[in-house]
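Trainee: Show me the folded form of this:
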Amino acid sequence: MATDTRLALESVAAAEDWAGEMRYVARQPILNLRGQVQGYELLFRGGPEMVLSVGADMAARTMLDNAVIFGLEWMTNGLPAFVSCTVESLTEDLVLVLSPEKTVLVLPAQLEPTARLLESCSRLKARGYKLALDDFGWEANLRPLAKLADYIRVGSSGFDALERQYLRSLCCPSPTLVAKKVDSQEAFKRASDKGFTLLQGDYFCHPMLLKKRKLPANRMLHFEIVRQLHHDPIDVREVSKLVLRDAALTFRLLRLVNSPTYAIHQEVRSIETAIFIVGETTFRRIVSLAVLSELNGKEPPEILHMALLRARFCELAAGLCGLDSREQYLLGMLSMFPAMLRVPMEELTPLLPLRAEICEALQGAATRERSLLAWLELNESGDWEGCDQLVEGHGLDQERLVKCYAESVVWAAGALRSAV
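Mentor: Predicted coordinates for the structure are as follows:
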């Protein structure tokens, strides 16, 4: 238990240090057809002055230096990290500071496949690294790189049966096909029909919505629990009665309370006792996590992960712009409810215990209450210019936002481990 706590604190410290150095750092999940995360592409930006003046090689060096000091594991939950590489980082063996078991080296297709680059890539593969060829085209000069690639990444709109057959003729075994920019269920179906087995994009956040769908009774019960958690102080007796009406939720909640994450030194057997022992703030989080886990049901676990990350980020960053931290926690968490329940947000907000301004923010209104969630959504997509504009427009501190994001990544990973 003490070891788990120490490792969590070290991860948070590393995340904060790296965030301070990198100015912007984000990640995008890469999922298989069953919705399971197989790795994360890491997106780095050292700030406007780095991109505009010193170029990609310096940005790559900065990222690699920080990888040595702080590690990549806190960003990827131990899954493979897809890291974009420059010619210099490959040919001068700078990438050797990264773990071969946990790193996929991404090569932009516009790189000239010189003899030196091909030799370096072959040597790196021999050391155990995997290679991904990004934005792959069908130029003849790319054949040598395609033969070395473990992954081929292309836009989901490209790639047909003839191209797939051609690729098989080039490579044995055939590389894993990764579809990029899969941002809808229609794009997901097209990509899977074309033979892609890994997908990157936010399609899983946009499932086929079922308008006017009647929510099951237990879902309405979960909404009522969320409503009660919003009260200050919590009505302990009422919350306990509501939780006990759902056997699965009761079991999950008591398992969470007794998990090493919360370091309680006596077994907790009742809901009321849990509230008194852990306190209202922690209890709100534990119940929220239990409810989220139940609501997510059979949807991809990454949806639950994103809900936790968004909730924690909005909570941590609320003080930067004078917003209520509890309300912001709910805003971040509830922003993923349409993906969990497959119900449009406009049908969910009347059921939620929130002010009109927060309901408007959930429906996409560009309000002050939505500023933190909007920044996070831009960061998730690697839209650095959009992040810059929002920071300037709302007078926010981007370095502190990135630190909040980094800490939220670590916190959400730990919370998710407790929930499953």
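Trainee: where does this structure have low pLDDT?
Mentor: 1-24, 45-71, 138-140, 156-173, 209-217, 261-266, 353, 418-420 (pLDDT under 70).
Trainee: Give me the domain ranges for it.
Mentor: 23-205, 217-419 (automatic domain parsing).
Trainee: Let's have those domains in CSV, adding mean neighbour count.
Mentor: In this view, the C-beta of every residue, glycine as well, is placed from N, C-alpha and C. Putting the domains of the chain into CSV (neighbours: other CB atoms under 10 Å) gives the following:
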stretch, mean neighbour count
domain 23-205, 17
domain 217-419, 18
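Trainee: can you give me the helices for the stretch 151-300 of the chain?
Mentor: 161-170, 185-193, 217-229, 236-244, 247-257, 271-278, 280-296 (DSSP state H, counting those that start in this stretch).
Trainee: In a markdown table, list those helices along with distance to Ile358.
Mentor: As requested, the helices of the stretch 151-300 of the chain are exported to a markdown table (distance: least, CB to CB, whole Å):
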| stretch | distance to Ile358 |
| --- | --- |
| helix 161-170 | 47 |
| helix 185-193 | 28 |
| helix 217-229 | 13 |
| helix 236-244 | 21 |
| helix 247-257 | 24 |
| helix 271-278 | 25 |
| helix 280-296 | 16 |
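Trainee: Can you verify Leu131 is assigned to a helix?
Mentor: No. Going by DSSP: H, G, I helix; E, B strand; the rest coil, the assignment for Leu131 is strand, not a helix.
Trainee: ok, it - contacts?
Mentor: Leu131 is in contact with Val104, Leu105, Val106, Leu107, Cys121, Leu124, Lys125, Leu145, Leu148, Ala149, Asp150, Tyr151, counting by CB atoms under 8 Å, 6 or more residues apart in numbering.
Trainee: Please tell me I have it right and the first one contacts Leu42.
Mentor: In other words, Val104. No. Using CB atoms under 8 Å, Val104 is not in contact with Leu42; the gap is 10.2 Å.
Trainee: separation between Arg190 and Ala247?
Mentor: Relative to Ala247, Arg190 is positioned 41 Å away (CB to CB, to the nearest Å).
Trainee: So what does the closest residue to Lys102 other than its chain neighbours have for phi and psi?
Mentor: Among residues not flanking Lys102 along the chain, Pro80 sits closest, at 5.6 Å (CB to CB, 6 or more residues apart in numbering). Backbone torsions of Pro80, given as degrees, to the nearest 10, read phi -60, psi 140.
Trainee: wait, Pro80 sits on Gly39?
Mentor: Yes. Between Pro80 and Gly39 there is a contact at 3.8 Å, judged by CB under 8 Å.
Trainee: No more questions from me, cheers.
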